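Peer 1: Build me a structure from this.
(2 chains)
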Amino acid sequence: MATPTRVKQQALQAKHDALDARLAAMTMPAGGGWIASARNAALTRLRETGLPHKRDEYWKYTDPATLVQPEPVPAALLDDGGEAPVFGEIDRIKLVFVDGVFDSDKSDDPSLAGVEIERLEEASTRDIHWARDLYGTLEAQGQSPVRRPLATLNTAFATDGVLIRVTGKAEKPVSLIYLHKSDTSDAILHHCIKVESGAELTVLENGPAAARFNKVMEVDVAEGGTFHHVRAQGRDHERRAATHIFAQVAREATFKSFTLTANGVLTRNEVIVEFTGDDAVAHVAGACLGDGDFHHDDTVFVTHDAERCESRQVFKKVLRNGAIGVFQGKILVQPGAQKTDGYQISQSLLLDEDSQFLAKPELEIYADDVACSHGSTSGAIDEEGLFYLRSRGIPEGPATDLMTLAFLAEAIEEIDDAEIAADITARLEAWLARRRR
Amino acid sequence: MLDIKNLHVKLEEEDKEILKGVDLSVEAGKVHAIMGPNGSGKSTLSYVLSGRDGYVVTDGSATLEGADILSMDPEERAAAGLFLAFQYPVEIPGVGNMTFLRTAVNAQRKARGEDEISAADFLKLVREKAKELRMDQDMLKRPVNVGFSGGEKKRNEILQMAILQPRMCILDETDSGLDVDAMKLVADGVNALRDAGRGFLVITHYQRLLDHIVPDVVHIMSGGRIVQTGGPELARQVEEEGYGHLNEETA
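Peer 2: As a prediction, the model looks like this:
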């Protein structure tokens, strides 16, 4: 008979067997010095934890099997019918990765005043580099209290990525574009971004990247610095992605991240933010449109370990035809983090009865003078509103789209830049219109 | 313009007949008023004509310039020229008032095979009509009816009417929740739209709105039927005597 201890041991064994199988299919990239030590340290940590398994509490609502298995499930390329690329009208520095490999021919000259941009590979050959203190560091810190082995795997085996150090106010965004060309590609990218004191940068990301994509972005925002991140995950429907953002936000600094996801058979986006100085701001938002065979998981963990910091989590999901949305969001307020202002909202608009939204909102507060609120709702479209629009001559399809955009508005409003917000809204409108046909 | 014949309507959810044979014809260029006590079926009539779910037509017909509107979707009725000013205009968070108006105008134009209105023409039209209704730019930018006062919501209904230019306008209890000044503003908006090609059906519980929007014909509705029809003097009679006498007459 299986005793609880025995079951636990079996589960642990399964995680390690999965790791052995995965590691057998991988080689650690070449490179010496600091990056080799970071990779080896990550590998050691990974051997302690094994890879995630659906029996892990942290993966209760999302089965990580296809993210963990040695080979990726092939993903057909999307014929987007020549639609205009996301952020196409935005003036930006484009850095292009094809199936996870940097393509300098497709990329812009990465020179931008106040911003140093380097490829991970180049930096790894140097003995002294600012990224030495960042690469794998925030990821390692982010392993407590919950283990995130896919991020550790990334630190150990990432084959490419960019290192961006910002010392001034960047006059245009840096845009990371992830093209998907091979239906069996398995990409692992690791980016490090250091925003120095008082500096400002916006990073854009878009594209499906690969059949399977594992991406880590470590972001260190120093005192008074500002980092904005806007991402549109690629629409290739069969793609799978596990992404992590680890952010450390210092005194009076600002970190804001927004993600739009439409399509993608499996997406797990984790954002882990820690305030290290007082009076800082961190907003994490997401809008997602799920249709049919679609599973989208937002997992967010914000730690307040300083006074008077403001955090917001705003996640909206529109689901239909059996699509599944997951939200696991936590605000942890440490002892002494007084005057914390924490807000968390996760909502789903279920367009039919087959779709599901699984939400696990959590607040854990150890300080006595804080204002934290959270809410989570699931609902159908407002029939009164729909009738009102139709009574003015707007047909049911476009009226439903208007209501859908309205539902997503609170998340989109988290994008500060009006031009970028307009681009994201235009994208949503086009996608919604296409879905109706 | 609008011809309603022997209209019988029951609730979808329960076997309860609300309209028990309504006969009514509104001619182009005329303003008809329907008055009646609470529960007489006035609002139900407006909902059924505009195509709201939850009602079943069991007998009779309703046509707009000969076209059977009861078989149309709500949006088709709107494109055919029917407009209902809601008693309780709906708040739609996240949808800007201007976006809503432009989408509605263009959807109706498209349904009628016309070209979309240009952005410049649309802006000019909205500004002009909004000014007449003393609606500021802020009200146009805000989400539809969100945070609007009762009076602002009703003015927004009239603004939509002025922009969409429907041929047949139904106003459901447009005076409810309005003070005298707001009512006058709304009435002026409606009167500005009165012309030989347009019909109005004004539903109200009180006579006071009809001091400002003077009807050509007044109907009294009770128990799901039109029980009395007359001129504007009928409204004043109701004001003085109330609806109490109806119970005896219809009993």
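Peer 1: how about the helix ranked longest in chain A: buried residues?
Peer 2: Looking across chain A with DSSP state H, the single longest helix is helix A:4-24. For helix A:4-24, a neighbour-count test (16 or more other CB atoms under 10 Å in any protein chain shown) marks A:15, A:18-19, A:22-23 as buried. (Each C-beta comes from the backbone N, C-alpha and C, glycine too.)
Peer 1: Give me the distance between that helix and the centre of its chain.
Peer 2: What separates the centre of helix A:4-24 from the centre of its chain is 27 Å, taken as CA atoms, centre = their mean, to the nearest Å.
Peer 1: re earlier: dump the buried residues of helix A:4-24 to TSV, plus pLDDT and distance to A:Asn40.
Peer 2: What follows is the buried residues of helix A:4-24, written out as TSV (pLDDT from 0 to 100; distance: CB to CB, whole Å):
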residue	pLDDT	distance to A:Asn40
A:Lys15	87	20
A:Ala18	89	21
A:Leu19	91	15
A:Arg22	92	17
A:Leu23	91	13
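Peer 1: and which of those is nearest A:Ala422?
Peer 2: Nearest to A:Ala422 among the buried residues of helix A:4-24: A:Arg22, at 41.8 Å, using CB to CB.
Peer 1: doesn't A:Val68 make contact with the closest one?
Peer 2: Yes - using CB atoms under 8 Å, A:Arg22 is in contact with A:Val68, at 6.5 Å.
Peer 1: Outside of the helix or strand just after the longest helix of chain A itself, list whatever touches it.
Peer 2: Later in the chain than helix A:4-24, the nearest helix or strand by DSSP states H and E is helix A:33-49. Contact with helix A:33-49 is made by A:15, A:19, A:28-29, A:31, A:120, A:123-127, A:129, A:131-132, A:135-136, A:139-140, A:143, A:147, A:149, A:152-153, A:155-157, as judged by CB atoms under 8 Å, 6 or more residues apart in numbering or on different chains.
Peer 1: repeat that for 6 Å
Peer 2: A:28, A:124, A:127, A:132, A:135-136, A:147, A:149, A:152-153, A:155-156 (CB atoms under 6 Å, 6 or more residues apart in numbering or on different chains).
Peer 1: Stretch B:47-54 too?
Peer 2: A:387, A:391, B:9, B:12, B:55, B:74, B:77, B:84.
Peer 1: Output the below-cut-off pLDDT ranges for chain B.
Peer 2: For chain B, the stretches with pLDDT under 70 are B:245-251.
Peer 1: Find the closest residue to chain A in it.
Peer 2: In chain B, the residue that lies nearest chain A is B:Gly94 (2.8 Å; CB to the nearest CB).
Peer 1: Name the strands paired with the helix or strand encompassing A:Leu358 and say parallel or antiparallel.
Peer 2: Using DSSP H and E, A:Leu358 maps to strand A:356-365. Here strand A:356-365 is paired, per DSSP bridges, with strand A:324-333 (parallel).
Peer 1: Show me the beta-bridge partners of the spatially most central residue of chain A.
Peer 2: Taking CA atoms, centre = their mean, the centroid of chain A lies closest to A:Asn269, which sits 3.9 Å from it. In this entry, A:Asn269 is beta-bridged to A:Thr243, A:Asp298, by DSSP bridges.
Peer 1: Identify the residues contacting it.
Peer 2: Taking CB under 6 Å, 6+ apart, we find A:Asn269 in contact with A:243, A:259, A:298.
Peer 1: Just give the number of residues close to the residue nearest to B:Lys184 when sequence neighbours are not counted.
Peer 2: Spatial nearest neighbour of B:Lys184, chain neighbours left out: B:His212 (5.9 Å); criterion: CB to CB, 6 or more residues apart in numbering or on different chains. Residues within reach of B:His212, counting by other CB atoms under 10 Å in any protein chain shown, total 16.
Peer 1: Is it correct that B:His212 is in contact with B:Asp188?
Peer 2: No - B:His212 is beyond contact range of B:Asp188, at 7.8 Å (criterion: CB atoms under 6 Å).
Peer 1: Show me which residues of the stretch 101-250 of chain B are close to chain A?
Peer 2: B:103-104, B:107-108 (CB under 6 Å from any CB of the partner chain).
Peer 1: Does the single nearest residue of chain A relative to chain B lie in a helix or a strand, and which?
Peer 2: In chain A, the residue found nearest to chain B is A:Ala406; the distance is 2.8 Å by CB to the nearest CB. Using DSSP H and E, A:Ala406 maps to helix A:396-412.
Peer 1: For that helix, which helices and strands make contact with it?
Peer 2: Packing contacts for helix A:396-412, counted by 3 or more CB pairs under 6 Å, 6 or more residues apart in numbering or on different chains; DSSP states H and E, involve strand A:281-291, strand A:310-320, helix A:383-391, helix A:418-436, strand B:92-96.
Peer 1: related to what we said a few turns ago, tell me, how many residues neighbour the residue of chain A closest to chain B?
Peer 2: There are 23 residues near A:Ala406, going by other CB under 10 Å.
Peer 1: Kindly report the same for the one 3 residues further on.
Peer 2: A:Ala409 sits with 17 neighbouring residues when counted by other CB under 10 Å.
Peer 1: Could I get the contacting residues of the residue of chain B closest to chain A?
Peer 2: Residues near B:Gly94 by CB under 6 Å, 6+ apart: A:406, A:409, B:143.
Peer 1: nearest to B:Ile170, of those?
Peer 2: Closest approach between the contacts of B:Gly94 and B:Ile170, by CB to CB: B:Pro143, at 24.8 Å.
Peer 1: In the sheet, which residues pair with that closest one? Tell me.
Peer 2: With DSSP bridges as the criterion, B:Pro143 is bridged to B:Gly96.
Peer 1: dump the residue contacts of B:Ile12.
Peer 2: I think there's a mix-up here, since residue B:12 is Glu and not Ile. Residues in contact with B:Glu12 (CB under 6 Å, 6+ apart) are B:54, B:56.
Peer 1: rerun at 7 Å
Peer 2: Neighbouring residues of B:Glu12 by CB atoms under 7 Å, 6 or more residues apart in numbering or on different chains: B:54-56.
Peer 1: now those residues in JSON lines, with distance to A:His229?
Peer 2: Formatted as JSON lines, these follow (distance: CB to CB, whole Å):
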{"residue": "B:Gly54", "distance to A:His229": "46"}
{"residue": "B:Tyr55", "distance to A:His229": "50"}
{"residue": "B:Val56", "distance to A:His229": "53"}
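Peer 1: And those residues, which of them are buried?
Peer 2: B:Tyr55.
Peer 1: May I see the contacts of B:Glu12 arranged in a markdown table, with secondary structure as well?
Peer 2: What follows is the contacts of B:Glu12, written out as a markdown table (DSSP: H, G, I helix; E, B strand; the rest coil):
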| residue | secondary structure |
| --- | --- |
| B:Gly54 | coil |
| B:Tyr55 | strand |
| B:Val56 | strand |
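Peer 1: Closest to B:Met1 out of the contacts of B:Glu12?
Peer 2: Nearest to B:Met1 among the contacts of B:Glu12: B:Tyr55, at 22.1 Å, using CB to CB.
Peer 1: isn't that closest one right up against B:Val9?
Peer 2: Yes - between B:Tyr55 and B:Val9 there is a contact at 5.2 Å, judged by CB atoms under 7 Å.
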